[in-house]
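In: Please work out how this folds:
(chains A and B)
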Amino acid sequence: MSLGSAPPHRRRWHTGPYWLALQLVLSGSLLLLFLLPIVALFTYAPPGRILAAATNPAVTAALYLTFFASGIAVLAAVLFAIPLGYLLARRAFRGRSVVESVVALPVVVPHLLVGVGLFFLILPGSPLYRFTTAIGLPIYDTIWGVVLVMVFVSAPYTVLAADLSFRAVDARVLEAARSLGAGPATAFLTVTLPLAARGIVAGLLLTWARAVSEIGGILILAYAVYPGGPYSGPVTSTLSVYVYNLFQTGDLADAAAVSSLFLLIAFVLFFLVRLGERSGWVPWHRGELLP
Amino acid sequence: MNGWSVEGLVSQVDGFRLGPVDLELAPGRVVAVLGSSGAGKTTLLRTLAGFLPARAGRIVRDGVDLTDRPPEERGLGYVPQGLGLFPHRTVERNVSYPLEVRGRTDALARSRALLARFGLTELAHRHPARLSGGELERVALARALAGEPDLVLWDEPWQALDVEARHELGRVLEELRETDRVPVVVVTHDPSLAFSVADSFLVLRAGKVGLRGDAATLLAHPSDAFTARFVGFENVYDRTALERGRPGSLASWLSERAGTDGVAFARPAPRAGGDPDGAWDGVVRSARPTPEGLAVTVRVDDLSVALRLPPPPLGAVPSVGSRVRFDIEEKSVHALGPAVPGPRGPPE
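Out: Reported below is the predicted structural model:
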C-alpha cells in the first residue's frame, strides 16, 4: 500500500511540447464531437422556446411517461438483474458462457430488432398476447410495452455490474464473517451487499440512462402510449418518440427545444450526482460512478 | 469448555488430499501447524472452520460432534490469510460484528472494551485501509475474540510485520493464552514466534502429518528437511547428494547416518587452534558476523558445511581460503525420513 503511494515523476522535458499538443488535439476533437451537436441544438432553441416546451402539457406528459417507465425499468433491474449477476459471480455451472453471451446480446443487437423480436413473440392474437392481456399487462401501446423494451435493452448493464461487483468481494472477508457467527443470509446482507453496492448502483445508473434514451424497440411496441396500468396521463409517447415525431413532421424548432430541455434535465441530474460526490452526500467516491 | 478433539480428519481440494489428522486442543494450548507451501496447512484450518467438507473423521467439542455443522455454528474465531477484515466497517464495528450478528445489545460496549485491551482505542473510528500491518493484526485478533470463541484459528499471523509489531503481537498472543484460555491453532512460517508461543507442533508434509510433538520433540527429531531447516539446522543434505561421495569422505560418513530422505545437523563448532585430530578439514568460503556468532561456510570435497565460531573479538575471523578443522558429533546428526522413529512414534 505504502509502496505505491510515491508520486510518479513528471518528466516534462522528456515528453516535450509536441506530445502535449498531439494529446490536446486528439482529446479535444472528441470533446468537440460531444459538444457541438448540443451547441447546435441550443442555437435552434432559444431559451423562450425551451421554456415554452417545458410548460407544454404534451411535452410534460411525454417527460413524465419517460421517467416513470424508466423508473419501473430500474426497479425491475434491482429485482431481476442483481440476482442474475450474483448467480454468475458465485456459481460455476454448465453453460455459464452461454448465459453470459445471452446477457451481452441486448447490448450489441440493434434495438429496432429487439422490437421486431418482441413483436413476433407477442404477436397480436397469439396465446402469449392473450395471456398478457388477460393478466392485465397488455403490451401494445401501453406503458408496459415501453417498460418491456427498456428492461430488455438496459438490464444487462446491471447484470454485468453486479457480476463484477460480487466477484470483487474478497472470499476471505466473507469466510471471516461466516466463522464469526453470521449465517449465509446475514453475511450476504452485512458484507457482500455493502461491499458490492457501489458497483451495483453504478450499473443501475447506466441502466436508467440506457432506458431513458431508448427508442428503437419502443417505436414498434408502443409508438403511442394510452393510459392504462400505472400510467393514467393523456395519450402520449416517450420523449424519444415524441422528438422523432416532431422531427418527422418538420417541426424542427420544437424538436430542438424539447431535445434541449431533456439535455438540460440530464445535465442537472448528472451535475447533482457530481456535486454529491464532491460533498460526500453519496456513499461512493468521486469518479467511481460516472466516468 | 474442556477442549476439542480432531480424529482422523480427511479433506480434499481439487485432487489434493489432507489427512488423516489427529489433534487434541486443550484450553489455553497453542498448536503451531508447520509445513512448506502446499503441505495442507490452510486446508486444515479451512476444514476445521467448516469451509471444506470433511471426507472422513470427526471434529468434536466437549463431546458434541461439529463435523457437519456450518461455520457459523462452530464457535470459532477464524483469522484467514490476509485477515479478512471488513473494509466498509470501522475498527470498532469490525470488532463488534460477532456480537451484532448474535443480536447482542452490548455489542459496541464490549467492542470498545476489547479495543482498550489491545491498545486500539484511538483507532476505533478508522477504517482498516488506514491502519498499519501490526494494527490490522491486532484488530483481526480482537474481532476473533469478540464472540468469545471456543477455538481460535489463525492463518499466517506475523506475515509481513516489522520486528516491533511481531514482538507486540507475540505479547498479545501470550496474554491470550493466559487470560482467555482459548485453544489456538496457528499456521506459520516463522520459527522464532512459533517457538515462543506454541505448546505443541504439527508438521504437515504433502497433506500427511509428518511430525507431532512439543518443541523438544521437534528439536530432537526433525524428521524432514523442512522441519530441520525450520528448527534452525542449516546443514541439510539430500540422500542422493551424499551417495556420490567416495569412501572415507564426509559425504560417505553422512550417508551412513542418513535416513531415507537424507540427513541434517546444526552448525558444528570447529576446534580451537586447528586441532590435528579434528575429523574433517574444510576450506573457508565465507565468514559473516551474526547475533549468534560468526557464521562460517566451508567446503569439504563438494559439500558445503555451515559452522559456528565465537563472534569476534573472542575468536579471530578466518580468512577466505584458509583451512578449518572441525568435528561433527555423532549424536547431533539427525536422519531424515518418514521411517525415523521419534519418542512418540511416527503417526500412522
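In: Are the helix or strand harbouring residue A:210 and chain B in contact anywhere?
Out: Using DSSP states H and E, residue A:210 maps to helix A:193-212. Yes: using C-beta under 8 Å from any C-beta of the partner chain, we find that helix A:193-212 touches chain B at A:194-195. C-betas here are computed from N, CA, C, even on glycine.
In: That helix: how far from the chain's middle?
Out: Mean C-alpha position of helix A:193-212 versus that of the full chain (C-alpha atoms, centre = their mean, to the nearest Å) differs by 8 Å.
In: try stretch B:316-323
Out: 35 Å.
In: what residues does that stretch touch?
Out: The contact list for stretch B:316-323, computed with C-beta atoms under 8 Å, 6 or more residues apart in numbering or on different chains, reads B:274, B:281-287, B:289, B:294, B:296, B:309, B:324.
In: Please identify which of these is nearest to residue A:246.
Out: Ranked by distance to residue A:246 (C-beta to C-beta), the contacts of stretch B:316-323 are led by residue B:286 at 87.9 Å.
In: Next, that closest one: secondary structure please.
Out: What DSSP: H, G, I helix; E, B strand; the rest coil gives for residue B:286 is strand.
In: what about it, how many neighbours?
Out: 12 (other C-beta atoms under 10 Å in any protein chain shown).
In: In contact with the closest residue to residue A:213 other than its chain neighbours, which residues?
Out: The shortest distance from residue A:213 to any non-neighbouring residue, by C-beta to C-beta, 6 or more residues apart in numbering or on different chains, is to residue A:240 (6.6 Å). Listed by C-beta under 8 Å, 6+ apart, the contact partners of residue A:240 are A:66, A:213-215, A:218.
In: Give me the phi and psi angles of residue 262.
Out: Answering for chain A, as no chain was given. phi -60, psi -40 (degrees, to the nearest 10).
In: Sorry, I should have been clearer: chain B.
Out: According to degrees, to the nearest 10, residue B:262 has phi 140, psi -150.
In: Give me the distance between it and residue B:65.
Out: Noted for residue B:262: a distance of 41 Å to residue B:65, by C-beta to C-beta, to the nearest Å.
In: Those two: who's more crowded?
Out: Under the criterion of other C-beta under 10 Å, the comparison of residue B:262 against residue B:65 puts residue B:262 first, with 22 against 10.
In: who's in contact with that one?
Out: Contacts of residue B:262 by C-beta under 8 Å, 6+ apart are B:225, B:236-239, B:241-242, B:336-337.
In: Where neighbours are concerned, which of those has the most?
Out: residue B:336 (25 neighbours).
In: Please look at it and residue B:257 and confirm they touch.
Out: No: if you go by C-beta atoms under 8 Å, residue B:336 and residue B:257 don't touch, sitting 10.4 Å apart.
In: Run through the stretch 51-200 of chain A and note the low-pLDDT ranges.
Out: Across the stretch 51-200 of chain A, nothing is flagged by pLDDT under 70.
In: returning to that earlier point: check the contacts of residue A:240 against residue A:126 and report the nearest one.
Out: residue A:218 (20.4 Å).
In: And that closest one, how far from chain B?
Out: 39 Å (C-beta to the nearest C-beta, to the nearest Å).
In: nearest residue to residue B:196 other than its sequence neighbours?
Out: Nearest one to residue B:196, counting by C-beta to C-beta, 6+ apart, is residue B:170 at 5.6 Å.
In: Give me the average confidence score over the one helix or strand the one you found maps to.
Out: Residue B:170 belongs to helix B:163-175 when assigned by DSSP H and E. Across helix B:163-175, pLDDT averages out at 78.
In: Check which helices and strands that helix sits against.
Out: helix B:133-146, helix B:191-197 (3 or more C-beta pairs under 8 Å, 6 or more residues apart in numbering or on different chains; DSSP states H and E).
In: Show the average pLDDT along the first one.
Out: Going back to what we said before, that points to helix B:133-146. Here the average pLDDT along helix B:133-146 is 89.
In: With just CA atoms, put that helix into PDB.
Out: The C-alpha atoms that make up helix B:133-146 are tabulated as PDB, following Å, rounded to 0.1, in the frame of the first residue of the first chain:
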ATOM      1  CA  GLY B 133       0.100  -4.100   9.400                       C
ATOM      2  CA  GLY B 134       0.600  -4.600  13.200                       C
ATOM      3  CA  GLU B 135      -2.600  -2.700  14.000                       C
ATOM      4  CA  LEU B 136      -4.500  -4.700  11.400                       C
ATOM      5  CA  GLU B 137      -3.400  -8.000  13.100                       C
ATOM      6  CA  ARG B 138      -4.500  -6.800  16.500                       C
ATOM      7  CA  VAL B 139      -7.900  -5.700  15.100                       C
ATOM      8  CA  ALA B 140      -8.300  -9.100  13.500                       C
ATOM      9  CA  LEU B 141      -7.400 -10.900  16.800                       C
ATOM     10  CA  ALA B 142      -9.700  -8.600  18.800                       C
ATOM     11  CA  ARG B 143     -12.600  -9.300  16.300                       C
ATOM     12  CA  ALA B 144     -11.900 -13.100  16.500                       C
ATOM     13  CA  LEU B 145     -12.100 -12.900  20.300                       C
ATOM     14  CA  ALA B 146     -15.200 -10.700  20.500                       C
END
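In: mind listing the strands for the stretch 201-348 of chain B?
Out: B:208-213, B:235-238, B:262-265, B:280-290, B:293-300, B:303-309, B:323-326, B:334-336 (DSSP state E, counting those that start in this stretch).
In: In JSON lines: those strands, plus mean pLDDT.
Out: Shown next, in JSON lines, are these (pLDDT from 0 to 100):
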{"stretch": "strand B:208-213", "mean pLDDT": "84"}
{"stretch": "strand B:235-238", "mean pLDDT": "86"}
{"stretch": "strand B:262-265", "mean pLDDT": "84"}
{"stretch": "strand B:280-290", "mean pLDDT": "85"}
{"stretch": "strand B:293-300", "mean pLDDT": "86"}
{"stretch": "strand B:303-309", "mean pLDDT": "84"}
{"stretch": "strand B:323-326", "mean pLDDT": "82"}
{"stretch": "strand B:334-336", "mean pLDDT": "84"}
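In: Out of these, which one sits most buried?
Out: Ranked by mean neighbour count, the strands of the stretch 201-348 of chain B are led by strand B:262-265 with a mean of 24 (mean count of other C-beta atoms under 10 Å in any protein chain shown).
In: how much space is there between the nearest residue to residue B:252 once chain neighbours are set aside and chain A?
Out: Counting by C-beta to C-beta, 6+ apart, the nearest residue to residue B:252 once its immediate chain neighbours are dropped is residue B:245, at 4.1 Å. Look at residue B:245 and chain A: by C-beta to the nearest C-beta, they are 46 Å apart.
In: Secondary structure of residue B:51: a helix, I assume?
Out: No: counting by three-state DSSP, residue B:51 is located in no helix; its state is coil.
In: what's next to stretch A:195-210, contact-wise?
Out: A:70-71, A:73-74, A:77-78, A:81-82, A:85, A:150, A:153-155, A:157-162, A:164-166, A:168-169, A:173, A:273, A:283-284, A:288-290, B:87-88.
In: Please convert the buried members of the residues you listed into PyMOL selection syntax.
Out: In PyMOL, this line selects whichever of these come out buried by 16 or more other C-beta atoms under 10 Å in any protein chain shown:
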select buried, (chain A and resi 70+71+73+74+77+81+82+85+150+153+154+155+157+158+159+160+161+162+164+165+166+169+173+284+289) or (chain B and resi 88)
